[in-house]
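> got a structure for you, letters missing:
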């Protein structure tokens with residue numbers, strides 16, 4: 001089964017992915033972790049991504065997809081996984097469909113964690129990271145709303161989308177996600 005965890009930055013996708021992976025007994029593929037591993041291991045696509053990152057540019061969809069494809073070639077992902085942070089654009093969604101079709105897999109569910117912008121901003125400011133200023137967070141939310149949020153309609157039309165209230169303690173949200181999966 002392929003499960004896609006969806007939502008704006010700061011909604012708790014990574015936290016929920018770790019919990020769900022353990023409860024469901026399937027692997028968790030974090031795009032951020034896959035990026036860092038590809039760069040650290042100096043794979044060809046990792047070095048290509050590093051050029052964009054070092055230049056302060058967005059990594060193109062094709063490169064992001066290649067990193068995810070490289071990560072998914074690991075045996076732990078043979079029977080599926082929870083995707084966290086991918087896809088983020090329609091081009092990535094189309095590429096994911098093609099990648100999964102080659103493996104004889106398909107998306108089982110897309111779970112969208114819904115959290116309002118002001119709660120997200122408060123959560124991210126509490127993390128205390130240097131790159132989590134209110135202006136940067138608002139910019140990231142604008143990018144999400146313009147480039148990623150349109151995928152909600154795409155997956156909704158396919159009958160795969162299940163939205164879940166992402167506000168509450170971690171266990172409450174996990175319970176809601178598990179209900180959405182059944």
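On my side now, so go ahead. As the structure is a prediction and not an experimental result, all values here were calculated from the model.
> and the longest strand for this protein?
With DSSP state E applied, the strand covering the greatest number of residues in the chain is identified as strand 107-114.
> buried set for that one?
Of the residues in strand 107-114, those buried under the neighbour-count criterion (16 or more other CB atoms under 10 Å) are 107, 109-113. For glycine as for every other residue, the C-beta is placed from the backbone atoms N, C-alpha and C.
> Adjacent strands (with direction) for that strand?
The sheet places strand 107-114 alongside strand 2-6 (parallel), strand 161-165 (parallel), with pairing taken from DSSP bridges.
> what's the closest of those to residue 91?
The closest of those to residue 91 is strand 2-6. By CB to CB, the value is 15.4 Å.
> Tell me where the protein has helices.
In the chain, the helices defined using DSSP state H lie at 13-24, 31-40, 44-54, 61-72, 90-103, 117-127, 134-143, 150-157, 170-181.
> Please render the buried residues of strand 107-114 as TSV that adds pLDDT and distance to residue 92 to the earlier fields.
What follows is the buried residues of strand 107-114, written out as TSV (pLDDT from 0 to 100; distance: CB to CB, whole Å):
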residue	pLDDT	distance to residue 92
107	96	13
109	96	18
110	97	13
111	97	17
112	97	16
113	97	18
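> From these, pick the one nearest residue 169.
Within these, proximity to residue 169 (CB to CB) peaks at residue 113, which comes in at 13.6 Å.
> List phi and psi for the residue of the chain positioned farthest from its centre.
Centroid-distance maximum for the chain: residue 55 at 23.2 Å, with CA atoms, centre = their mean. Backbone geometry at residue 55, expressed as degrees, to the nearest 10, gives phi -90, psi 0.
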